[in-house]
Structures are given as structure tokens and as C-alpha cells.
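Student: Just to be clear, the model below is a prediction. Sequence and coordinates:
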Amino acid sequence: MKVSLSGLKMKKDGDNKDDASLLSEWIGPQVAKEQTRTDDFNEKRETEFQDGRPIEPESRRFKGQSIVKWFIFILFIGYMVISYYRVPLLTALGNYLILEHPLTKADLIVCTPGSPLEQSLMAAELYKRGLAPRIFIPQETPPAGIEILKRQGGLYPEESELFITTLKSLKVPESAFMMGNIAVDSIQEEAEEVREVIMGGGFRSMIIVTSPARARRAYLIFEKVFDGEKLEIMISPSHYSDLKADNWWTRDKYLNEVVFECQKVLYHTIKNLW
């Protein structure tokens, strides 16, 4: 009885092997290989899962770290370059903002809002050199509280009055003054007012006097306002300012002014693209 059972068991095992061989031959060797690779892959995934290792390829784990390392390296190199060439770069930025044209004789000198002392000194110099017979003085919007001060009997000199007083003290005759009729808050508003004066007065050229940091922006604004007109525009930043292209970053006052002016020039440039 035992022999029969053993023989039966061996026969069954043999039958299973024969069946597997027949199945392999029937489905073809290629499919069998694919099945083997699938089984191996599943076993590998189960092993990785049990070991707590990630399933994704190991190379992806280090991709983010490599990008961070390259980013830090580039920042370091950039910092070294900027540190080494700091003075030339800052001087170049100052030269870009402080635009100055060669001056020829013009019909009008135009002062811009702000810094009346620096501009008055420069306008008086140009007038005495015979570069223009008239000086346009902007009328700026008075500060808040000026009416209350006047009602209380107080005095507060407006910037247009400072222009006039300073120019008179520099021996510029009052007959040379051209006063703005509209209170303005910016170079843009003044340029639009000056355009009305220029077009109605037959002027063909003008010299714009401004503070050094605003010279580039003043030129961009006036050039845009007078676009299409046959008018020569020359920029003359005041030489009586302490802001110079090669040292503006050494004083906080001028550092802040240049930083804000760069932002304004960038905004004006982008705005005029459309």
C-alpha cells in the first residue's frame, strides 16, 4: 500500500512537470521569459518594500541635491565677481543715470521739480554763458497744511519762490523767468505743461536742468512727451550736487536716491513698451 502511494505521488509530480513543459512549449519561449522577468521584478519590489528602501530609482534621490549644490556654487561665483568688480559696476550705473549731453545754444532752460538750490545754480550758470535767454520755473503743488499756515499768519516759501529768490541773488534778471501756470507733482506733469508752452511759443530747442540722479529719467520722459516733434532736447544735470558717478554709494542719502531712481527708470521703460 505504501509503495502504491509513493508511486502515485511520483507519478503526480511527473505529470505536473510534463504539464509545465507542455504549457511552456504551448505559450512559447518568449512569453515564458517575459513571465520570468515579471516574477523577478515582483520579487525585487517585495524585497525593497520589506527592507524599507524606496521603490523609485536611486539616481532620482540625488537630483534635487545636485541642483541645490550647483545653485549655491553659482551664487558664490556671482558674489565673488560682483565683489571684485563692485566699484566699476557701481560707477557704470552712476554714469548711466547721470546723463549729460554736449550743450549748444538753445531757446529755453527748463528747471524740473525739486532741488531748487542745485538747479538754480546750474540754470544761472547756463544763462550767464549765453546758452539760452529764458528760464522756465515749475510751480509745484504746495505741501499739505500750507493754507492753515497762511491763515495763522505763518510763512512757508514754496519751491518756485526759492527758485526765483536764488536766481535773483545770482544776478539773473526777472525778465528771463517763465513761470509755470499749473501746479505739478512730477517730471511727467511738467513735461506735458512745457509741451504746451513750447508748441505755442515757437521754441525749437531746450536745455533741461535737473538733479544728477534724475537726469536719465527726465530725458526719457521729455523724449516720450515730445515724440514726433522737431525739438532738440539736451540734458544738463547740476554740477553743484555732491552726487557723483564714482562715489554715490558712499552716502546713505544718495544710495537711497539712486536705488529709487533705478526702480522708476525700470518702471518707465517697461510701461512704454506697450
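Tutor: Yep, that arrived.
Student: Give the rounded mean pLDDT of stretch 182-195.
Tutor: The pLDDT scores in stretch 182-195 average 92.
Student: in that stretch, what's buried?
Tutor: Buried residues in stretch 182-195, counted by 16 or more other Cβ atoms under 10 Å: 184, 187, 189, 190, 191, 193, 194. No exception for glycine: its C-beta is placed from N, CA and C like everyone else's.
Student: So which of those residues sit within strands?
Tutor: residue 184 (DSSP state E).
Student: mind putting the buried residues of stretch 182-195 in CSV, distance to residue 102 included?
Tutor: As requested, these are exported to CSV (distance: Cβ to Cβ, whole Å):
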residue, distance to residue 102
184, 28
187, 22
189, 28
190, 24
191, 22
193, 27
194, 22
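Student: For residue 213, state which of the buried residues of stretch 182-195 is nearest.
Tutor: Ranked by distance to residue 213 (Cβ to Cβ), the buried residues of stretch 182-195 are led by residue 187 at 12.1 Å.
Student: Would you agree the closest one is in contact with residue 113?
Tutor: Yes: under the criterion of Cβ atoms under 8 Å, residue 187 makes contact with residue 113 at 6.6 Å.
Student: List the residue ranges of this protein that fall below the pLDDT cut-off.
Tutor: Scanning the chain for pLDDT under 70 picks out the ranges 1-64.
Student: where do the strands sit along it?
Tutor: Under DSSP E, the chain gives strands at 108-111, 135-140, 177-184, 205-210, 232-237.
Student: Can you give the strand pairings for the longest one, parallel or anti for each?
Tutor: Each strand that pairs with strand 177-184, with its direction, by DSSP bridges: strand 135-140 (parallel).
Student: Please state the offset of the strand it pairs with from the chain centre?
Tutor: 31 Å (Cα atoms, centre = their mean, to the nearest Å).
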